[in-house]
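> predicted structure and sequence below. I'll ask about it afterward.
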Amino acid sequence: MTAEAHEHRAEAVCQAGLQLYARALREGTVPEYEAAAMPCVTQSGILQPDVEDVRRLRPLLPALALPRLLHRMEEDIARRRRAESWLTEAFEPLLTLGTRDGHGLPATDGITVLHGIDRINDAIGRVTDEASQEILTIQPGGRRSPAALAVALPREQRLLSCGARMRTLYQHTTRHDPAVLAHFEQLHGDIEVRTLDELPQRMLMLDRMVAFIPANKQRTLAVEIRHRPLVTYLGSVFDRLWHLATPMHPSAVHHRTLNGITPRQRAIAALLIEGHTDNVIAERLGMNVRTARVHIAKLAATLGSESRAQLGYLIGQSGILDPER
């Protein structure tokens with residue numbers, strides 16, 4: 001082992017150095033050359049030159065060696081604490097330069113990553129309090145929990161009371177959800193809700209200046225977007241979906257049944273033609289698998305299908321997916 005490969009702090013005497021020190025205590029001295037590969041024993045002072053033979057090293061008494069090592073360790077800790085204090089003072093005026101508003105949220109070109117449900121809710125609440133013109137939301141999935149609706153209610157009502165307008169997109173599976181319907185009945189102001197068979201990921205946009213989107217499936221990570229081109233793009237996506245959606249609130253519009261095929265069954269038929277499984281169909285349309293299979297069975301019965309393969313053929317022949325119908 002070379003001295004270069006053996007470098008470490010003087011107070012951190014290595015195992016090999018301690019073994020050499022123990023041998024020196026037993027034998028009285030050790031050859032100097034044996035310590036060449038472990039300079040920690042001489043740098044720490046636990047082995048010192050023998051005044052009677054400079055080619056050998058004599059051990060410092062353990063009662064003196066231990067306090068010396070501990071004292072050097074304390075000095076090192078104090079030195080590191082002084083360096084830590086200096087760095088803290090040096091970086092204090094720079095901390096806000098790396099954040100959007102000094103709230104400790106790291107931002108890169110108008111994009112801020114939010115960690116944890118509490119921080120996400122705090123950020124949404126803070127931005128909602130600053131908004132005054134418009135709130136746009138996309139809510140995919142089947143239902144929203146009563147707890148989530150309760151958190152959103154005062155924020156949304158405050159905005160509506162200030163004259164802002166609210167536009168929300170849900171999936172068709174939410175059209176008859178009592179909790180969601182009751183939520184919108186409690187709100188007063190310029191509110192419109194529409195639904196689509198499929199929606200992209202959840203989104204919240206305020207005044208077309210700030211948008212929030214999830215960053216993981218568990219929704220414990222979110223992204224706050226203030227990057228103007230990205231916010232503009234997300235707003236245009238919302239507008240396109242809005243024009244394709246069916247009104248739900250304040251006055252609901254229902255698609256007419258075509259040859260006994262409901263709009264939901266037509267949406268399922270389109271996904272069946274693409275070859276998706278029942279699980280994928282249920283996930284994309286915001287329903288559970290059992291409900292999806294019930295609709296598939298009704299669709300098969302209406303078209304007279306006796307197998308999955310035949311169902312795909314009959315869907316194509318029926319013309320129920322033709323855009324002009």
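Cool, got the structure.
> what's the spacing between the spatially most central residue of the chain and residue 206?
The centre of the chain sits closest to residue 221, judged by Cα atoms, centre = their mean, with a distance of 1.9 Å. In this view, residue 221 and residue 206 are 20 Å apart by Cβ to Cβ, to the nearest Å. (Glycine included, C-beta is placed from N, CA and C.)
> where do the strands of the protein begin and end?
30-31, 47-50, 53-59, 107-108, 111-115, 134-139, 165-171, 190-196, 203-206, 210-214, 221-225, 246-249 (DSSP state E).
> and the fifth one, what does it pack against?
Packed against strand 111-115 by the contact rule (3 or more Cβ pairs under 8 Å, 6 or more residues apart in numbering; DSSP states H and E) you find helix 117-130, strand 221-225.
> make it 10 Å
For strand 111-115, the packing partners by 3 or more Cβ pairs under 10 Å, 6 or more residues apart in numbering; DSSP states H and E come out as helix 117-130, strand 210-214, strand 221-225.
> go on, the third one?
Here strand 53-59 is seen to pack against helix 15-27, strand 30-31, helix 40-43, strand 47-50 when contacts are counted using 3+ Cβ pairs under 10 Å, 6+ apart.
> one more time with 7 Å, if that's ok
Strand 53-59 sits against helix 15-27, strand 30-31, strand 47-50, with contacts defined as 3 or more Cβ pairs under 7 Å, 6 or more residues apart in numbering; DSSP states H and E.
> gap between residue 121 and residue 179?
Residue 121 is 19 Å from residue 179, by Cβ to Cβ.
> to residue 276, which of the helices and strands packed on strand 111-115 lies closest?
strand 210-214 (22.8 Å; Cβ to Cβ).
> and the closest one, average pLDDT?
In this model, strand 210-214 has an average pLDDT of 93.
> that strand pairs with which strands, and in what direction?
Sheet pairing of strand 210-214 (DSSP bridges) gives strand 203-206 (antiparallel), strand 221-225 (antiparallel).
> hey, which of these is tucked in deepest?
Highest mean neighbour count among the strands paired with strand 210-214 (mean count of other Cβ atoms under 10 Å): strand 203-206, with a mean of 22.
> and that strand, average pLDDT?
Mean per-residue pLDDT for strand 203-206: 93.
> contacts for that strand, please.
124, 127-128, 131, 135-138, 211-213, 234-235, 238 (Cβ atoms under 7 Å, 6 or more residues apart in numbering).
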